[in-house]
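Participant: Let's see this in three dimensions:
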Amino acid sequence: MSTPTAKSEATRELLVSTALRLFRDVGYEKTTMRAIASAANVSTGSAYYYFASKDDLVHELYRSLQEEHRARVLPLLREGQNLGELLRLVLNSGIDVMAPYHDFGSNFISIAIKPSATTSPFGSESAVARARAITLFRQAVTLSRPQPPLAIRDDLPELLWYAYMAVTLFWVYDSSPDQVRTRRLIHQAAPLISKLVILSRLPVVRKIVEDIVQLIRGTRG
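Facilitator: Residues are numbered from 1 along each chain as shown. A predicted model of the protein is given here:
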């Protein structure tokens, strides 16, 4: 017999999956909480009990994807691997987790880029989710050998997360079968990023990387 917690979790998952289907089929703006509740065969009051708004449903998707990403990739990360190998694992696992939602990707981008959007991964409302995502890259940096230069080590996980966002954007618009072009990009870009990190020990490259770090810090407000 299902426990109340199990039933609640099932209802939350049903509302999220129903919302995603409606977002994809009729568009985010035209989808209402009442419509989501009706399509999920749940009362409107119950829908609002679990989620205060459509934006909350999108944030719940973030959360569930991140939890799945962490559960999938953390057992694969081993100390002693080079950063390129670890980065490839994190990026590919992220794409694996997002794969079922590829059809929704372009819709989400159109929502998230709006200046007023609370669903943006760069916004203050996503700070907790963003921090958890960056933690994965921090783990990869910590386990990597050789270690990145100390001067950029603390900021590197966030820089790698920005790279992940760029890969995600590429994936959203990748129409190749099973997004094979995105896989090829990850395969080639991960070791390149690792080499650039190691080369940042050199004065000329270090200055460029430090400038990028300062730029990122300046956007934190």
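Participant: can we go C-alpha only for contacts and neighbour counts from here?
Facilitator: Fine.
Participant: Centre of the chain to the strand or helix carrying A189, how far?
Facilitator: A189 belongs to helix 180-199 when assigned by DSSP states H and E. Chain-centre distance of helix 180-199: 18 Å, with C-alpha atoms, centre = their mean, to the nearest Å.
Participant: Only the buried residues of it, if you could.
Facilitator: T182, R183, I186, H187, A189, A190, P191, I193, S194, V197, I198, L199 (16 or more other C-alpha atoms under 10 Å).
Participant: list the helices and strands that helix packs on?
Facilitator: Under the contact definition 3 or more C-alpha pairs under 8 Å, 6 or more residues apart in numbering; DSSP states H and E, helix 180-199 sits against helix 83-98, helix 156-172, helix 203-218.
Participant: I'd like those helices laid out as CSV, including mean pLDDT.
Facilitator: Converted to CSV, the helices and strands packed on helix 180-199 look like this (pLDDT from 0 to 100):
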stretch, mean pLDDT
helix 83-98, 95
helix 156-172, 92
helix 203-218, 69
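Participant: contacts for the helix holding A189?
Facilitator: Residues external to helix 180-199 that are found in contact with it (C-alpha atoms under 8 Å, 6 or more residues apart in numbering): 82-85, 87-88, 91-92, 148-149, 167, 170-171, 174, 205-206.
Participant: least trustworthy helix or strand in the chain by mean pLDDT?
Facilitator: Of the helices and strands making up the chain, the lowest-confidence element is helix 203-218, at a mean of 69, by mean pLDDT, DSSP states H and E.
Participant: how does this protein divide up, domain by domain?
Facilitator: With domains defined by automatic domain parsing, the chain comprises 1-52, 54-218.
Participant: which of the contacts of helix 180-199 sit farthest apart?
Facilitator: P149 and D174 (33.9 Å; C-alpha to C-alpha).
Participant: just checking, what's the longest helix in the protein?
Facilitator: Longest helix of the chain, by residue count under DSSP state H: helix 4-26.
Participant: picking that back up, relative to S124, which of the contacts of helix 180-199 is nearest.
Facilitator: Closest to S124, out of all of these and judged by C-alpha to C-alpha, is V167, at 21.7 Å.
Participant: The closest one: what's it in contact with?
Facilitator: T182, L185, I186.
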